[in-house]
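> this is a predicted model, with the sequence first.
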Amino acid sequence: MAASSICVRSVLRRAMRPSLIVILGATGTGKSKLAIELGQRLQGEIISADSMQVYHGLDIITNKVTVEEHAQCRHHMISFVDPLVSTYTIVDFRNKALALIEDMHSRNKLPIVVGGTNYYIESLLWKVLLDTGDNEDSGDGGDEMPNRKLELEKMEGAELHKQLMEVDPKMAAMLHPNDKRKIARSLLVHQETGIPHSVWLEEQRKQEGGGGLGGPLRYPDPCIFWLHSDMEALDKRLDARVDEMLAAGLIDELKGFHVRYNEKKVQDESQDYQHGIFQSIGFKEFHDYLTAAESCSQEERDTLRNKGVEALKIATRRYARRQNKWVRNRFLKRPGDAVPPVYGLDVTDVSRWEETVLTPALQILASLSKGEKPAVSSVKIDTSESMNKRSRHTCDLCDKIIIGDLEWAAHLKSKKHYYHVKKKRKIETGSLSQSPSLDVSEDSSVAPGCSGTSHESPPGVGTAHAQVPVTS
């Protein structure tokens, strides 16, 4: 095995390497471990693409690399933003990370992008964000646009949506009235440029190499690894990791962070778990414990603590599933030609790490560096089915607006919708007590009170905020 590794390293040093390595995967799959191992062997440096790790504080709960791990391989984009800053955006990340990649290339270092915030990674791989003005870059006025966006988000969703409908009806039709972040972003794009956001996105997709989800690929030859695991095994690993965090001092970390940054916000009723590091999974789950009254008994405090632990485990497992869904929809099913292959590495059995993860990764990189097709095939997903269109549907029966054809199809099959269809039909026939039960196999899509409009633009394209967009 040692001789094989030496051979792989020598080949990579002699030949042209991929422009960068990207490591995708759900939380707990070992992305940082693989990144460090590759960085040590291939003269690489690591760029963290984690939207919470950019902030100072909460090192344990955001799972930052340790001092020892940092010493093994140089890391970037960790702990450099003040926790009280709520205007740090994906544009800020992209601009800084791209400069780092260029610097690494100039020093003959291999950039290794790793992290769980997949839309951060997308912003580096593809030209999917809009450069609408100088205030999106560093320099004078750099905070103006984010601050205006925060002010807009304080408004009611219906009012924001109405404003967007007036200046960009096509974009408004693709966004749910409750999605204030995306609506605010689209309004700001129009205010900043005088051009509707939907027009910007359409022009972006028309660029050479562009596709349904945005502009062209930024680097022509990236190598993308996806660490995946059997979910039952991963769930157990994630639960164990929470226990390890507790043993490492998680509760003390939360208490200290709360006192320094959050206690005054709670007292002033200005606490916000929707922006910046305060939205980190784990912090808000312990809100009741951290804000418990001094008069609470120890038994009551222990109950709140245990409640927070269980909430953290549940939230972490759910987040892992969202991350995998994002990889499948935004990488494996991505439409267009400018989509690099994604190589899957199975991390279900960590005792076989070298056999199933490290060695295949090195072999894939060695093949790519020589211009050869790797022996390991890339992950393929059938994309013959059309992309989920951002159609706008209204169900008057359930008093709901639903964006997306797949979401609409799921709603039509839901128990709540069938209940309202059944109730309306009974009322219309005037036989509430005698009508037969509605057969759930009926096609409720023809039920009165339901409508839909198709808008083909995909979700999440061109947004420049620090939240994970809801995608299908």
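Perfect, I can see it now.
> ok, the nearest residue to H75 once chain neighbours are set aside - contacts?
Once flanking residues are discounted, H75 sits nearest to I46: 4.8 Å by C-beta to C-beta, 6 or more residues apart in numbering. The way it works is simple: take the backbone N, C-alpha and C, and place the C-beta from them, glycine included. Contact analysis of I46 by C-beta atoms under 8 Å, 6 or more residues apart in numbering lists S32, A35, I36, G39, C73, R74, H75, H76, I112, V113, V114.
> hang on, A320 packs against L234?
Yes. Using C-beta atoms under 8 Å, A320 is in contact with L234, at 6.2 Å.
> list residues touching both of those two?
Listed as contacting both A320 and L234 by C-beta under 8 Å, 6+ apart are A26, G28.
> please enumerate the helices of the stretch 1-150 of the chain.
2-14, 31-42, 67-72, 90-106, 118-125, 144-153 (DSSP state H, counting those that start in this stretch).
> phi, psi for L227 please.
Per-residue torsions, L227: phi -90, psi 120 (degrees, to the nearest 10).
> could you give the bridge partners of it?
G25, L345 (DSSP bridges).
> what about the strands in this structure?
All strands of the chain, identified by DSSP state E, fall at 21-25, 44-48, 75-76, 110-114, 223-228, 342-346, 392-395, 400-403, 450-453.
> contact partners of the shortest one?
It stands for strand 75-76. Contacts for strand 75-76 (C-beta under 8 Å, 6+ apart): E45, I46, I47, S48, V65, E69, A97, L100.
> please apply the same query to the fourth one.
Residues lying outside strand 110-114 but in contact with it, judged by C-beta under 8 Å, 6+ apart, are 17-23, 31-32, 34-35, 38-39, 42-49, 97, 100-101, 104-105, 121, 124.
> burial count for K180?
Look at K180: counted by other C-beta atoms under 10 Å, it has 22 neighbours.
> ok, it - contacts?
Here K180 is in contact with L152, E153, M155, G157, L160 (C-beta under 8 Å, 6+ apart).
> chain center to the longest helix along the chain: distance?
Counting residues, the longest helix found in the chain (DSSP state H) is helix 298-327. On the basis of C-alpha atoms, centre = their mean, to the nearest Å, helix 298-327 sits 18 Å off its chain's mean C-alpha point.
> and stretch 263-279, by the same measure?
For stretch 263-279 - counting by C-alpha atoms, centre = their mean - the centre lies 22 Å from the chain centre.
> so which bits of it are buried?
Buried residues in stretch 263-279, counted by 16 or more other C-beta atoms under 10 Å: Q271, H275, G276, I277, F278, Q279.
> what is the end-to-end distance of that stretch?
15 Å (C-alpha to C-alpha, to the nearest Å).
> repeat for stretch 277-297
This stretch, stretch 277-297, spans 30 Å end to end (C-alpha to C-alpha).
> make 636 the starting number, not 1.
Sure thing, new numbering starts at 636, so read that last one as stretch 912-932.
> list of residues touching it?
With C-beta under 8 Å, 6+ apart, stretch 912-932 has contacts from 687, 690, 692-693, 696-697, 718, 885, 889-890, 892-893, 896-897, 901, 906-908, 935-936, 939-940, 942-943, 946-947, 950-951, 954, 1102.
> sorry, back to before: between helix 753-760 and the longest helix of the chain, find me the angle.
40 degrees (axes from the mean of the first three to the mean of the last three C-alpha atoms, to 10 degrees).
> from the contacts of I681, list just the buried residues.
S667, A670, I671, G674, C708, H710, H711, I747, V748, V749.
> reformat those residues as a markdown table; add pLDDT and distance to P857.
Output for these, formatted as a markdown table (pLDDT from 0 to 100; distance: C-beta to C-beta, whole Å):
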| residue | pLDDT | distance to P857 |
| --- | --- | --- |
| S667 | 97 | 19 |
| A670 | 98 | 14 |
| I671 | 98 | 19 |
| G674 | 97 | 16 |
| C708 | 97 | 19 |
| H710 | 97 | 19 |
| H711 | 98 | 17 |
| I747 | 98 | 11 |
| V748 | 98 | 9 |
| V749 | 96 | 13 |
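> quick one: which of those is nearest P1009?
Among the buried ones among the contacts of I681, I747 lies closest to P1009 (C-beta to C-beta), at 17.7 Å.
> follow-up on the earlier one: and the contacts of I681, which is closest to M806?
With C-beta to C-beta as the yardstick, the closest approach to M806 among these comes from V748, at 29.5 Å.
> in a markdown table: the strands of the chain, plus distance to L873.
Formatted as a markdown table, those follow (distance: least, C-beta to C-beta, whole Å):
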| stretch | distance to L873 |
| --- | --- |
| strand 656-660 | 13 |
| strand 679-683 | 20 |
| strand 710-711 | 23 |
| strand 745-749 | 18 |
| strand 858-863 | 14 |
| strand 977-981 | 17 |
| strand 1027-1030 | 35 |
| strand 1035-1038 | 30 |
| strand 1085-1088 | 38 |
